[in-house]
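Chemist: Sequence unavailable; structure follows:
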């Protein structure tokens, strides 16, 4: 049984990583094919540095990911605090519904509905080109918000509510109490929300595709490239992105583990 | 925070306004486009035209159901075996399962072409050992494989996280009361892991039924899904926005119906993630 389960897990991991291995392998191909390997070379890695479309896409993706994750983190943290303070049932259920919709809905529906809104208002105020930087940013903030809210709310529920009151009794203003007591106790939730937003934004294709116009993010650039025959340069770029995300994930995990260790030590 | 100040309630306001404008209004807009013609006059013709896309709808649902079922069958034992590992290895396997999710999904899908193509890795291998090449790419099987591959972490992770919280003493109690391994699985583990299964099913079914990239790349142009129809029509120009909106609206209603049925199964009447 033990060996069977080990083999099973190994097979699943093999299945998960076979295409990744193929991608990494062919990114070092000296030839132009993604299934016939000629010889080992770094040419495609050098090539992507001079590929303006890809570099522009990468730049756009990073800008959008940083801005949208930051905006969603601030707005979402405030929202989480506020939603828990809501007393009227109708507001609470409205908040629950609007938070769940973008998570439940298919990306394509979220994407096209936002596009319709942008195009409609663009036409109303007489813009010839209504899609671009602002619209893709708004779209990303919108789909990131639920993830921030849902990572902050459990942390807020865990915090000792007396702490906040103690701070008020000891003379903090509500704003001071919020920044000195509430924020430090939910910061892991805020951090998780930010990282989740950042990676979701980095990876999003479908919603960006419908809302970005000429401000193409990297996945949209890649989509347009894979419409034609793909050369190993896309693989090289993806390998680089993969490595960056891998490092980020390791970093995130060490931070998580450390904070957990600290918590167990304190307890 | 027993006395919730007016101020702390007010900080939710920017979010509620934002979500109203960018979550609710777009859906209203989609419904508006679906029920009007290109000059803004009310019409039902967009909805009646959907009959033309009946096949795409049926194929999408069929493929998505197949992909979801296969994913569940593969993932359930995986999640179970994960919970039986040492805690440190559990964490590592979880990261290993999650990692491909952060890789560009277009490239992950595209890599399968390298593997499945007529002159790809599998067929090169088959030829080298003297077997006949197989026709793998541009088949329904390839599309379903792509769906399974792309969305399998969304099935493994929720099932694993629910299963790992099952109290071991329940299993011990069941064993003490004379139930064997099979009946412990059937009467303790499976019922208690249902919430994970339900959320896994929805997290795989929704992106599968609405995908358009996987079918384009792995299905050639023979396996047109509903996502492809939407993408094609929106790309074709503003005069097709109305029909495309109608299809999107139907797709959304379809998905919501599925979610409602699923949440009925999980017995979670609240259905709310927040409260």
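Modeler: Everything's here; your move. Only a predicted model underlies this, so the values are computations on that prediction, with no experimental measurement involved.
Chemist: mean confidence for the top helix by length along chain B?
Modeler: Secondary structure of chain B per DSSP state H: the longest helix is helix B:54-83. Per-residue pLDDT over helix B:54-83 has a mean of 95.
Chemist: now do stretch B:88-95
Modeler: Throughout stretch B:88-95, pLDDT has a mean value of 87.
Chemist: Contacts made by that stretch with the rest, please.
Modeler: A:9, A:13, A:249, A:253, B:82, B:83, B:85, B:157, B:160, B:164 (Cβ atoms under 8 Å, 6 or more residues apart in numbering or on different chains). Heads up, the C-betas are built off the backbone N, CA and C, glycines and all.
Chemist: how about it: buried residues?
Modeler: B:93, B:94 (16 or more other Cβ atoms under 10 Å in any protein chain shown).
Chemist: swap in stretch B:146-159?
Modeler: Buried residues in stretch B:146-159 (16+ other Cβ under 10 Å): B:146-159.
Chemist: do the same with stretch A:181-193
Modeler: A:181, A:182, A:186, A:188, A:189, A:190, A:191, A:192, A:193.
Chemist: How about it and chain B, touching?
Modeler: No. Stretch A:181-193 does not reach chain B (Cβ under 8 Å from any Cβ of the partner chain); its nearest approach is 8.7 Å.
Chemist: chain center to that stretch: distance?
Modeler: 18 Å (Cα atoms, centre = their mean, to the nearest Å).
Chemist: Pull the residues that contact that stretch.
Modeler: Residues outside stretch A:181-193 that contact it (Cβ under 8 Å, 6+ apart) are A:72-73, A:76-77, A:81, A:147-156, A:159-160, A:163-164, A:167, A:172, A:255-256, A:259.
Chemist: same thing but 6 Å
Modeler: Contact with stretch A:181-193 is made by A:73, A:77, A:148, A:151, A:152, A:155, A:156, A:159, A:163, A:164, A:167, A:259, as judged by Cβ atoms under 6 Å, 6 or more residues apart in numbering or on different chains.
Chemist: Nearest residue to residue B:211 in space, please, no chain neighbours.
Modeler: Distances taken as Cβ to Cβ, 6 or more residues apart in numbering or on different chains place residue B:227 nearest to residue B:211, at 5.1 Å, with adjacent residues excluded.
Chemist: Touching, the one you found and residue B:212? I think so.
Modeler: Yes. Contact criterion Cβ atoms under 6 Å: residue B:227 and residue B:212 qualify, at 3.3 Å.
Chemist: Those two: which has the busier surroundings?
Modeler: Of the pair residue B:227 and residue B:212, residue B:227 is the one with more neighbours under other Cβ atoms under 10 Å in any protein chain shown, namely 28 against 20.
Chemist: coming back round to it: and the longest helix of chain B, is it in reach of chain A?
Modeler: Yes. Applying Cβ under 6 Å from any Cβ of the partner chain, one finds helix B:54-83 touching chain A at B:78, B:81.
Chemist: Would you mind listing the buried residues in that helix?
Modeler: Here helix B:54-83 shows B:56-57, B:59-61, B:63-68, B:70-72, B:74-76, B:78-83 as buried, counting by 16+ other Cβ under 10 Å.
Chemist: And it, what does it pack against?
Modeler: In terms of contacts (3 or more Cβ pairs under 6 Å, 6 or more residues apart in numbering or on different chains; DSSP states H and E), helix B:54-83 is packed against helix A:2-27, helix B:140-163, helix B:190-209, helix B:226-236.
Chemist: For residue A:36, find the nearest of these.
Modeler: helix A:2-27 (9.1 Å; Cβ to Cβ).
Chemist: pLDDT of the closest one, averaged?
Modeler: pLDDT averaged over helix A:2-27 gives 92.
Chemist: Could you give me the buried positions within it?
Modeler: In terms of neighbour count (16+ other Cβ under 10 Å), helix A:2-27 has its buried residues at A:5, A:9, A:12, A:16, A:18-20, A:22-27.
Chemist: Next: stretch A:30-50.
Modeler: A:34, A:35, A:44, A:45, A:48.
Chemist: okay, now residue A:66: neighbour count?
Modeler: Residue A:66, neighbours per other Cβ under 10 Å, totals 14.
Chemist: Then residue A:52?
Modeler: 7.
Chemist: all helices in the stretch 1-150 of chain B, in order from the N-terminus.
Modeler: B:6-10, B:13-19, B:25-34, B:45-48, B:54-83, B:87-98, B:105-116, B:121-128, B:140-163 (DSSP state H, counting those that start in this stretch).
Chemist: Run the chain-centre distance for the fifth one.
Modeler: Relative to its chain's centre, helix B:54-83 lies at 9 Å (Cα atoms, centre = their mean).
Chemist: That helix versus helix B:140-163: what angle between them?
Modeler: 40 degrees (axes from the mean of the first three to the mean of the last three Cα atoms, to 10 degrees).
Chemist: Right, I'll call it a day here.
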